[in-house]
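S.K.: Just a sequence and a predicted model for now, questions to come.
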Amino acid sequence: MPTVQFSSFGEFLQMGAYSFHVWAVYLLFAVFVGYNLVLPGLQRQQFIRQQKRRAARDAELAAQAASRRPANTDRSAQ
């Protein structure tokens, strides 16, 4: 079984003749992991903003409906 040994840090960074491929894969992996760590937080914030807007809109509609209703005009009590 061959062992991987590099004689210098520069040689390690070059990865032989495969440095572009190796580091591209590492970069893609980092982007993928970062995306999967950040996206749920962004979606959560968006969901909370939507729910706040919906609650404010519902409260405004309820207030408008209450202002349109006539005062207590129950004629059966007269």
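M.R.: Sure, I can see it.
S.K.: contacts, neighbours, all on C-alpha from now
M.R.: OK.
S.K.: Locate residue 50 within the secondary structure: which element?
M.R.: Residue 50 is part of helix 19-68 when elements are defined by DSSP states H and E.
S.K.: Quick one: list the elements packing against that helix.
M.R.: Under the contact criterion of 3 or more CA pairs under 8 Å, 6 or more residues apart in numbering; DSSP states H and E, helix 19-68 touches no helix or strand at all.
S.K.: for that helix, the distance to its chain's centre please.
M.R.: 4 Å (CA atoms, centre = their mean, to the nearest Å).
S.K.: for this structure, which spans come out with low pLDDT?
M.R.: 1-2, 4, 71-78 (pLDDT under 70).
S.K.: Nearest the middle, which residue of it would you pick?
M.R.: Centroid-nearest residue in the chain, with CA atoms, centre = their mean: residue 42, separated by 2.3 Å.
S.K.: Give me the distance between that one and residue 10.
M.R.: Counting by CA to CA, to the nearest Å, the separation of residue 42 from residue 10 is 39 Å.
S.K.: go on, residue 70?
M.R.: Distance of residue 70 to residue 10, given as CA to CA: 83 Å.
S.K.: can you check residue 23 too?
M.R.: Separation of residue 23 from residue 10 (CA to CA): 14 Å.
S.K.: One more: residue 43?
M.R.: Residue 43 sits at a distance of 41 Å from residue 10 (criterion: CA to CA).
S.K.: about what we covered before: so for residue 23 and residue 10, which sits in the more crowded spot?
M.R.: It is residue 23, of residue 23 and residue 10, that has more neighbours when counted by other CA atoms under 10 Å, with 14 against 9.
S.K.: Tell me the spacing between that one and residue 69.
M.R.: Remark: distance between residue 23 and residue 69 (CA to CA) = 68 Å.
S.K.: same check, this time on residue 49
M.R.: Distance from residue 49 to residue 69, by CA to CA: 30 Å.
S.K.: In terms of neighbours, single out the busier of the two.
M.R.: Neighbours were counted for residue 49 and for residue 69 using other CA under 10 Å; residue 49 has more, 12 against 9.
S.K.: Please report the distance of that one from residue 16.
M.R.: Distance of residue 49 to residue 16, computed by CA to CA: 50 Å.
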